[in-house]
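Participant: Just the structure for this:
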Amino acid sequence: MTRIQTTDLIATLCQTGDLKVWSLLVTLFGDAAMADGAVLSGPQISEILGQLRIRPEAQRVALHRLRKDGWITATRRGRIGLYGLSTRGRAETAAVADRVYAPAIPDAPARYVIVTRDGAEAPKQALLLGAGRYLGPVPGGADTLSAPLTGPLPPWVAASAVQEPLCTDLAGLRDALDHGPTRPEDPMTATAQRLVILHHWRRLALRLAPEAEALLGPDWVGAACRARVAAHLAALPRLNPTPPAP
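Facilitator: Residues are numbered from 1 along each chain as shown. So this is what the prediction gives:
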């Protein structure tokens, strides 16, 4: 199968969905500036976003929005602007880091097919598969039928439990990463590739319920997409924060 070029991979992912500059910056800061006191300089931000063909005016508007929203802070060192995560931005980023960066889903718990009577309350932590049918980590109560599930899940289970547009987007990212290069030679292009892969994945990963990933196990598209992303991120450099002042 023909490999697509690095620039084509970046372009493909940038054109997938509505790429908002402020959201892209949230991904960038969360990836490169999580350490306490870490900052990115204006020139660094301009260089990496310039790789994605994002105009300086759009960058300035997005930075202003994030500062106004209390997500980042801004200072100056001479004529250079320095930007870092606020306390709130760092805390909210840390709260979802495992969902974004975990290279694989947790070990699947025991799984049970649960059937309830019409109108019964849904079992806790269970995925709805159809009217009165669930997949859960524990058996249902006394008023349900429950049976342990063994072996791989049939494809229709994931299709029932996760909305089709999300499954389609996960499959699209998985396929793009399957056919793309592992690492560009130019360091800044490699960093831009990391950013756009991570950004696209972050938007999808935060739409995935952790319990759904665990129950669906390693044989569905979300697990495959997570593994591809982890492999690419391991091979691509983060943008290094600006060194502290001497």
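
Participant: CA atoms for contacts and neighbours, from now on please.
Facilitator: Will do.

Participant: Between the two ends of stretch 200-211, how far is it?
Facilitator: Length of stretch 200-211, first residue to last, Cα to Cα, to the nearest Å: 21 Å.

Participant: ok, and what's touching that stretch?
Facilitator: Residues outside stretch 200-211 that contact it (Cα atoms under 8 Å, 6 or more residues apart in numbering): 13, 27, 96, 99-100, 125, 166, 169-170, 173, 229.

Participant: Mind doing that once more with 6 Å?
Facilitator: The contact list for stretch 200-211 (Cα atoms under 6 Å, 6 or more residues apart in numbering) reads Val100.

Participant: Next: stretch 28-39.
Facilitator: With Cα under 6 Å, 6+ apart, stretch 28-39 has contacts from 82-84, 239, 241-242.

Participant: and stretch 173-185, how far out from the chain's middle?
Facilitator: 16 Å (Cα atoms, centre = their mean, to the nearest Å).

Participant: sorry, back to before: the contacts of stretch 28-39 in strands, which ones?
Facilitator: Cross-referencing these against strands under DSSP state E gives 82-84.

Participant: Can you report how many residues neighbour the nearest residue to Gly141 once chain neighbours are set aside?
Facilitator: Of all residues not flanking Gly141 in the chain, Pro123 sits nearest, at 8.0 Å (Cα to Cα, 6 or more residues apart in numbering). As a burial measure, Pro123 scores 22 neighbours (other Cα atoms under 10 Å).

Participant: and if you look at Ala234?
Facilitator: Counted with other Cα under 10 Å, the neighbours of Ala234 add up to 12.

Participant: how close does it get to Leu170?
Facilitator: 19 Å.

Participant: Check His199 too.
Facilitator: When Cα to Cα is the yardstick, His199 and Leu170 sit 13 Å from each other.

Participant: mind listing the helices for this structure?
Facilitator: 6-14, 21-32, 42-50, 56-68, 87-95, 97-101, 155-161, 164-179, 187-205, 210-216, 221-235 (DSSP state H).
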